[in-house]
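A.B. asks: Predicted model and sequence follow; I will ask about them next.
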Amino acid sequence: MKKLYIRTFGCQMNEYDSDKMADVLGAQEPLTRTDKPEEADIILFNTCSVREKAQERVFHDLGRVRRIKAERPGLIIGVGGCVASQEGEAIVRRAPYVDVVFGPQTLHRLPQLIARRRASGRPQVDISFPEVEKFDALPRPRVEGAAAFVSIMEGCSKYCTFCVVPYTRGEEVSRPLDDVLAEVAALAAQGVREVTLLGQNVNAWRGELEKGGGETGDFALLLECVHGLAGIGRIRFTSSHPREMTPRLIEAYARLPRLAPQLHLPVQSGSDRVLAAMKRGYTALEFKSVVRRLRAARPDLSLSSDFIVGFPGETAADFDKTMQLIDEVGFDGAFSFVYSARPGTPAADLDDPVTRETKLAWLARLQERIDAQAQAISQAMVGGIERVLVEGAARKNGAELCGRTGNNRVVNFPAPPHARERLSGQFADVKITAALPHSLRGEIVIRES
């Protein structure tokens, strides 16, 4: 059986796409995944252009597998994802041993691209944007475990000045409602109990109710429909945009108990001046108003966010406003980064007088505050009972089980041998007994049957 090696960079969308790459290739011929590139018959790099020097990292990784290609000319090397969309033919010019280059919207064409490469002897490049054709061509979902991701849309139409996603993944395109529900139902039939709906701006989903029918629905409707599917016990979604947090979507948190009490809502900054320069489309006050209404609908809501520190022209006063927003809102975790220019974005042309040392100091202060808030939330959970989706054996102790709470914390707890297999993949009530820096401890709640 041939072996496939995939290295994935970036977000959960890319993790989802990597699994689909394996699925489409496995539908053509038997394949097994390997974590050793030197053993592989196909090597794929699924790239992300969000971080600094993303292109250089890709070529660095390609250089490391060039020797394998020299020893085994039949090896296929492919580059996919957002860097592939940005660079296209330039990847092949710089690394002529690369066989296929494909974008996020053309991963379903991977078997054909590889076949054309083998037949013609020439590298193949396809970084087009064929809208939802990708989803129509993907095989039926195949999962292991009780939780799964479902991509419901592609692209982004917000055009924030710092972000390259609209240029690498295209504008927002939503999958039809019946397609999404069919995929979730198929996952539930395979034992999935929790789904995470994915999109660059997932709450901007506006899909046709039936393919080709013309009539569309909003994201709140999609959540209602997924909520009604048998077998699904918990729903998450990421990543959302504050501008798309509509009244109907906020009300869904009050009406849909299986919607997880956890939301990732990127704010990026607490300074209105910086938010305007980022072209985010809201003020700090408007963001706080959204949070207030969300917590009125779901008082136990746990909120995480994204922050960019040191945006061009940001001042100490701007940064202080971000810290003030953090104190006022209270976050349960964050992805926070020092700003780095992405080629081709409007912000890349802005003057950036703030030193990197200052930016790193700001970042450390911000993350320390967020970590303290998250730890306080963990401590407050001690003594309470949480509904946990049991994932299986704990990583460090096979005699224990691990699972995730509604607010997405890992909790480890002992369980008798006869109960471990029965509980895996199911929801269980767990009493939290201790809060550690990166996980919780608990004990299963036993009820008389």
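C.D. replies: Ah, there it is. Numbers count the residues shown, from 1 in each chain.

A.B. asks: which residue ranges form the strands in the stretch 251-400 of the chain?
C.D. replies: 262-264, 302-309, 334-338, 385-393, 400-404 (DSSP state E, counting those that start in this stretch).

A.B. asks: right, and those - which one's nearest Ala148?
C.D. replies: strand 385-393 (11.6 Å; C-beta to C-beta). For glycine as for every other residue, the C-beta is placed from the backbone atoms N, C-alpha and C.

A.B. asks: quick check: angle from that closest one to strand 400-404?
C.D. replies: 120 degrees (axes from the mean of the first three to the mean of the last three C-alpha atoms, to 10 degrees).

A.B. asks: Kindly point out the strands partnered with strand 385-393 and how each is oriented relative to it.
C.D. replies: Applying DSSP bridges to the sheet, strand 385-393 is found paired with strand 400-404 (antiparallel), strand 427-435 (antiparallel).

A.B. asks: Now the first one: average pLDDT?
C.D. replies: What it means is strand 400-404. If you average the pLDDT over strand 400-404, you get 95.

A.B. asks: Past it, which element shows up next along the chain?
C.D. replies: Per DSSP states H and E, the first helix or strand lying C-terminal to strand 400-404 is strand 410-414.

A.B. asks: The longest one now?
C.D. replies: Next in sequence after strand 427-435, counting helices and strands by DSSP H and E, comes strand 440-444.

A.B. asks: List the buried residues in that next one.
C.D. replies: Under the neighbour-count criterion of 16 or more other C-beta atoms under 10 Å, strand 440-444 has Leu440, Arg441, Gly442, Ile444 buried.

A.B. asks: Now the first one. Nearest residue, chain neighbours left out?
C.D. replies: This means Leu440. Spatially, and ignoring its direct neighbours in sequence, Leu440 is nearest to Val411 (4.1 Å; C-beta to C-beta, 6 or more residues apart in numbering).

A.B. asks: How about Asp23?
C.D. replies: Distance criterion C-beta to C-beta, 6+ apart; nearest residue to Asp23, sequence neighbours excluded, is Pro139 at 5.0 Å.

A.B. asks: The one you found against Met21, yeah?
C.D. replies: No - proximity of Pro139 to Met21 does not meet the contact threshold set by C-beta atoms under 8 Å, at 11.3 Å.

A.B. asks: quick one, which of the two is more surrounded?
C.D. replies: A direct count of neighbours by other C-beta atoms under 10 Å for Pro139 and Met21 places Met21 higher, at 24 against 13.

A.B. asks: any idea how far that one lies from Ile68?
C.D. replies: When C-beta to C-beta, to the nearest Å is applied, the distance between Met21 and Ile68 equals 19 Å.

A.B. asks: Just want the angle from the longest helix that the chain contains to strand 334-338.
C.D. replies: Counting by DSSP state H, the longest helix found in the chain is helix 356-381. Between helix 356-381 and strand 334-338, the angle comes out at 170 degrees (the same axes, to 10 degrees).

A.B. asks: what's the angle from helix 356-381 to strand 440-444?
C.D. replies: Taking the same axes, to 10 degrees, one finds helix 356-381 and strand 440-444 inclined to each other by 20 degrees.
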